[in-house]
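>>> Okay, predicted coordinates and the sequence, questions at the end:
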Amino acid sequence: MDMSVMKAVTPLTIDVVTISFPICYINTIHVSLLCNFSLLLASKWLLMLIIKCYSVVEIGK
């Protein structure tokens with residue numbers, strides 16, 4: 001194969017692999033990360049809400 005053709009095809013192949021591989025592979029990681037992250041955010045928000053309610057109740061006494 002000619003070098004210029006190789007140079008033209010290689011980035012394309014790399015692009016396809018780089019795009020399709022992470023989509024298959026990272027998707028599972030990404031989804032679990034996203035779930036964990038949203039759970040983390042939700043629990044943090046819930047914790048803040050509990051603390052806020054608790055402090056309001058404590059001050060209200």
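Alright, I've got the coordinates.

>>> any low-confidence regions in the chain?
1-3, 5-35, 61 (pLDDT under 70).

>>> Let's see that with 80 instead.
1-40, 53-54, 56-61 (pLDDT under 80).

>>> State the helix or strand in which residue 38 lies.
Following DSSP states H and E, one finds residue 38 within helix 3-60.

>>> and residue 55, how many neighbours does it have?
For residue 55, the count of nearby residues is 10 (other CB atoms under 10 Å). (Glycine included, C-beta is placed from N, CA and C.)

>>> and the gap between it and residue 48?
The gap separating residue 55 from residue 48 is 11 Å, by CB to CB, to the nearest Å.

>>> Next: residue 37.
The gap separating residue 37 from residue 48 is 16 Å, by CB to CB.

>>> ditto for residue 40
In terms of CB to CB, residue 40 sits 13 Å off from residue 48.

>>> which residues are in contact with both of residue 55 and residue 48?
Residues touching both residue 55 and residue 48 (CB atoms under 8 Å, 6 or more residues apart in numbering): none.

>>> in stretch 44-60, what counts as buried?
By 16 or more other CB atoms under 10 Å, stretch 44-60 has no buried positions at all.
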